[in-house]
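[1] My questions are about this predicted structure, shown below with the sequence.
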Amino acid sequence: MSDTIHQGVTSGSQSMPEDVILRVNHLVKEFPINRGVFIKKKVGAVQAVSDISFQVKRGETLGLVGESGCGKSTAARSVLRLLEPTSGEVWFQGQSADGSIDAPVDVAAADRQVLRGLRRELQIVFQDPYASLNPRMTVASIIAEPMTVHGIGDAAERVEKVKHLLEVVGLSPEHTNRYPHEFSGGQRQRIGVARALALNPQFMILDEPVSALDVSIQAQVLNLMQDLQDEFGLTYLFIAHDLSVVRHISNRVAVMYLGKIVEMTDRDTLYDRPMHPYTHALLSAVPIPDPVVEVSRKRIILEGDIPSPANPPPGCRFNTRCPKAEAGKCDVEEPPLAELEDGHWVACHFPEIMQLV
Amino acid sequence: MPEPLLDVEDLRTYFSTEEGVVKAVDGVSFKVNAGERRGVVGESGCGKSVTAMSIMRLIEPPAGEIVTGTITFDGRDLLKLPEAQMQRVRGGEIAMIFQDPMTALNPVYTIGDQLIETILLHQDVSKSEARDIAIDILGDVHIPHAKNRMEDYPHQFSGGMRQRVMIAMGLSCDPKLLIADEPTTALDVTTQAQIMSLMLELAEQRNTAVLLITHDLGVVAGFCDTIQVMYAGSIVERGSAVEIFNNPQHPYTWGLLGSMTRLDEVHRKRLNSVRGAPPSLINPPKGCRFAPRCDFTKQICVEALPILRQSPEGQRVACHRADELDLKNLEMEPTL
């Protein structure tokens, strides 16, 4: 699959290999910077997501990692059109109940009615289980709401389905009449997962689903996510800042920095032979819970802070902090995301394999 | 054996709420030597922060109260010290840095003013000397253009830079003990690496003892000499970093380590999660507080509270079955 990621950008429809469920082409999301109180004038723009392309295969988990402000959550929300993308395409190729592959649909260009249908297939679980559940709704009505909105089943069927879903996510079916505040963080996250599963989606975005949870609870939820994937054949886009969690759950990983994908490959390649200097720094910074290993580790300490996305540096966006940056090259010319090895995409002028884990 | 720098004996800190008395810290004893770097790890609500707040006497009655215990620091019982003297200890001999550097700094004063105020409060120097000390210490925490940045306000600094300022402020009076409460939890991982390496450098240079409170076992592994694991208000295991990580004796420590995803671990299908959730601290279980979640519970565990005692492996562990359990050689069986 050499250059498939960038193919078919201008064509109205998309021909995609059958095993690809989602293909994102040149996705851009800009937020305007306005000045003035009564007469708002656009004086600039923050490009939170700056021309990213990737694809996700049916049944796999693609991890999207990066530090705060790198655009990973904005990218996820733009894919689902919870945020309106500025430009780009998001092709979704679903599968019917009989197993046949549907024609790809561009989520980014879909009208209201098409989008409504797509929402059944594309779901999201949010980071904060405290903010993403309505405190005044019972668990039953929270989980049943997507079915009500989409007119699925009658009241009795929905009650049954809610009970079933609660069981699926490891909660007691007797809890249907409780309110979110009666549950712990981990249990709330399970409720969020049950809600996302209510419409039998094919594709789920998990936006930092375990970041707010304690380690032991985190493990429970991660195990649950993997079980559900096996059981329902789900495809995940897993957004996280924690590289060890991403290694555990993903099949492939994309690393973002300042709105761009800088490296993308399968999991083991990324952790065993990363090529982008930012990936190097990121991997070397993650502590390993083993004092003996920690002593002998090489740590790349980055200088300075992440630049403002409102004013990204010219050339490679990482050049201001990169230990390998060369003046006249890296601060002038933006490196393209190129396939340097089979399935290993890197955006760097001076890529180099380094062993850090 | 030299006198320990900090000696906490049977500390109990309770909070009264509408639902009842929350026993946030319930019988915690430990010692920290001069220059030692001690990690205090545990999940939210285990009492690790309340332990730190108690040492600093930052528990405000009537909501919270230190019910019993002694906290001996450098030969004095902090709990018996008059408030005026305690104020000299706070920020002078014991410094504390917090998780969120934005709320810990005053937004309407410059960084320089806040640093100078701290120094003047604890050291007998003139204002211009204090200013020089402040500039020096900002340089020590690797803030570029320290002299100019003295005039900046907290919002003009990034999260990592603010945490550097907090460390500078904490170290400005050359404390003997630095309490760092989740100092890198709000920071990105590359910034965390910067801050942790800075703290290590400064603590080693100045022989400052550090009490590092965190939920992140990875962070303590590279930083601490000794570790105490807390669960539901008490210490369940204590030992050297190597003992705790390589040969955990308490089922909770063992479960916690098994729950962690590791960067250097080749794909493992399932994590060895600890089932259930921590107990309520209003009515904690009668026996071992971990018993309801433990895979090895026996009758004795639900009847009697185990005390912290020496295990043959060297560390101290509060588990009735520590001697008979061979956790190290146990297959990691998934539990859910």
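    Right, received. Where do you want to start? As the structure is a prediction and not an experimental result, all values here were calculated from the model. Numbers count the residues shown, from 1 in each chain, chains lettered A, B, ... in the order given.
[2] Now residue B:325: closest residue in space that isn't a chain neighbour?
    Closest residue to residue B:325 apart from its sequence neighbours, by Cβ to Cβ, 6 or more residues apart in numbering or on different chains: residue B:296 at 5.9 Å. Quick note: C-beta positions are derived from backbone N, CA and C, even for glycine.
[3] typed the wrong thing, it's residue A:292
    Leaving aside its chain neighbours, residue A:292 sits nearest to residue B:242 (6.6 Å; criterion: Cβ to Cβ, 6+ apart).
[4] and residue A:95, how many neighbours does it have?
    Per other Cβ atoms under 10 Å in any protein chain shown, the neighbour tally for residue A:95 reads 15.
[5] The closest residue in space to it that isn't next to it in sequence and residue A:117: what is the separation?
    Using Cβ to Cβ, 6+ apart and skipping residues adjacent in sequence, the residue nearest residue A:95 is residue A:101, 5.7 Å away. According to Cβ to Cβ, to the nearest Å, residue A:101 and residue A:117 sit 16 Å apart.
[6] same thing with residue A:232?
    Separation of residue A:232 from residue A:117 (Cβ to Cβ): 19 Å.
[7] With residue A:291 instead?
    Shown here: residue A:291 relative to residue A:117, a distance of 53 Å by Cβ to Cβ.
[8] I'd guessed the residue nearest to residue B:325 sits against residue B:330; true?
    No: contact criterion Cβ atoms under 8 Å: residue B:296 and residue B:330 do not qualify, at 9.4 Å.
[9] For those two, work out which one has more neighbours and name it.
    residue B:296 (17 against 14).
[10] What about residue 219, how many residues nearby?
    Answering for chain A, as no chain was given. For residue A:219, using other Cβ under 10 Å, the count is 30.
[11] try again with chain B
    25.
[12] which residues does it contact?
    Residue B:219 sits next to A:287, B:39, B:184, B:192, B:196, B:212 when contact means Cβ atoms under 8 Å, 6 or more residues apart in numbering or on different chains.
[13] mind checking the end-to-end distance for stretch A:67-76?
    The first residue of stretch A:67-76 is 15 Å away from its last residue (Cα to Cα, to the nearest Å).
[14] got the phi/psi numbers for residue A:248?
    Torsion angles at residue A:248 (phi, psi; degrees, to the nearest 10) stand at phi -70, psi -40.
[15] and the closest residue to it other than its chain neighbours, which of the three is it?
    Distances taken as Cβ to Cβ, 6+ apart place residue B:261 nearest to residue A:248, at 4.0 Å, with adjacent residues excluded. Classification of residue B:261 by DSSP: H, G, I helix; E, B strand; the rest coil places it in coil.
[16] pLDDT score for residue B:261?
    Looking at residue B:261, its pLDDT stands at 90.
[17] same deal with the one 4 residues further on?
    Reading off the per-residue confidence, residue B:265 sits at a pLDDT of 81.
[18] Contact partners for it?
    Contact partners of residue B:265, counting by Cβ under 8 Å, 6+ apart, are A:244, A:247-248.
[19] ok so, going back, neighbour count: residue A:101 and residue A:117, which is higher?
    Neighbours per residue (other Cβ under 10 Å) separate residue A:101 from residue A:117, with residue A:101 holding more: 16 against 12.
[20] The more buried one against residue A:20, yeah?
    No: in this structure, residue A:101 is not within contact of residue A:20 by Cβ under 8 Å, at 9.7 Å.
[21] joint contacts of these two?
    residue A:93.
[22] how about stretch A:223-231 as CSV, C-alpha atoms only?
    C-alpha atoms of stretch A:223-231 as CSV (Å, rounded to 0.1, in the frame of the first residue of the first chain):
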residue,chain,number,x,y,z
ASN,A,223,-9.3,-5.0,29.2
LEU,A,224,-12.9,-4.3,28.6
MET,A,225,-12.1,-2.3,25.4
GLN,A,226,-10.1,-5.2,24.1
ASP,A,227,-12.9,-7.7,24.9
LEU,A,228,-15.5,-5.6,23.2
GLN,A,229,-13.3,-5.3,20.1
ASP,A,230,-13.0,-9.0,19.9
GLU,A,231,-16.6,-9.6,20.5
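[23] what's in contact with it?
    The contact list for stretch A:223-231, computed with Cβ under 8 Å, 6+ apart, reads A:59, A:61, A:168-170, A:190, A:193, A:197, A:206, A:209, A:234, A:236, A:249, B:269-271, B:273, B:334, B:336.
[24] give me the residue from the stretch 51-200 of chain A nearest chain B.
    Residue of the stretch 51-200 of chain A nearest chain B, by Cβ to the nearest Cβ: residue A:67 (3.9 Å).
[25] so where's the stretch 101-250 of chain B uncertain?
    Across the stretch 101-250 of chain B, no stretch falls below the confidence threshold (pLDDT under 70).
[26] 80 - rerun?
    B:101-102 (pLDDT under 80).
[27] residues near the closest residue to chain A within it, how many?
    Residue of the stretch 101-250 of chain B nearest chain A, by Cβ to the nearest Cβ: residue B:218 (3.2 Å). Residue B:218 is flanked by 21 other residues according to other Cβ under 10 Å.
[28] Sticking with it, tell me its helix or strand.
    Take DSSP states H and E as the rule and residue B:218 turns out to sit in helix B:217-223.
[29] Report all helices and strands that the helix or strand following that helix contacts.
    The helix or strand immediately downstream of helix B:217-223 is strand B:226-231, counting by DSSP H and E. The contact analysis (3 or more Cβ pairs under 8 Å, 6 or more residues apart in numbering or on different chains; DSSP states H and E) places strand B:226-231 against strand B:37-41, strand B:234-240, helix B:241-246, helix B:251-259.
[30] what's in contact with the last one?
    Looking back up the chat, that one is helix B:251-259. Contacts for helix B:251-259 (Cβ under 8 Å, 6+ apart): A:215-216, A:218-219, A:289, B:41, B:43, B:217, B:229, B:231, B:236-237, B:244-245, B:248, B:271-274, B:290, B:293-296, B:319, B:325, B:327, B:330, B:332.
[31] do whatever helix or strand residue B:130 lives in and chain A meet?
    For residue B:130, the enclosing helix or strand under DSSP H and E is helix B:127-140. No: legend: contact between helix B:127-140 and chain A by Cβ under 8 Å from any Cβ of the partner chain is lacking; minimum distance shown is 15.6 Å.
[32] Could I have the CA atoms of that helix written out in PDB?
    Listed in PDB are the C-alpha atoms of helix B:127-140, where the atom choice follows Å, rounded to 0.1, in the frame of the first residue of the first chain:
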ATOM      1  CA  LYS B 127      15.900  43.300  49.500                       C
ATOM      2  CA  SER B 128      18.600  43.700  46.900                       C
ATOM      3  CA  GLU B 129      20.400  40.700  48.200                       C
ATOM      4  CA  ALA B 130      17.200  38.700  48.000                       C
ATOM      5  CA  ARG B 131      16.800  39.900  44.400                       C
ATOM      6  CA  ASP B 132      20.200  38.500  43.600                       C
ATOM      7  CA  ILE B 133      19.500  35.200  45.300                       C
ATOM      8  CA  ALA B 134      16.200  35.000  43.300                       C
ATOM      9  CA  ILE B 135      17.900  35.600  40.000                       C
ATOM     10  CA  ASP B 136      20.600  33.000  40.800                       C
ATOM     11  CA  ILE B 137      18.000  30.400  41.700                       C
ATOM     12  CA  LEU B 138      16.000  31.000  38.600                       C
ATOM     13  CA  GLY B 139      19.200  30.300  36.700                       C
ATOM     14  CA  ASP B 140      19.700  27.100  38.700                       C
END
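[33] other SSEs contacting it?
    Helix B:127-140 packs on helix B:111-122, helix B:146-149, helix B:159-171, going by 3+ Cβ pairs under 8 Å, 6+ apart.
[34] Mind putting these into JSON lines with distance to residue A:266?
    Shown next, in JSON lines, are the helices and strands packed on helix B:127-140 (distance: least, Cβ to Cβ, whole Å):
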{"stretch": "helix B:111-122", "distance to residue A:266": "46"}
{"stretch": "helix B:146-149", "distance to residue A:266": "44"}
{"stretch": "helix B:159-171", "distance to residue A:266": "32"}
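[35] Tell me who's in contact with the residue nearest to residue B:325.
    Neighbouring residues of residue B:296 by Cβ under 8 Å, 6+ apart: B:251, B:321, B:325.
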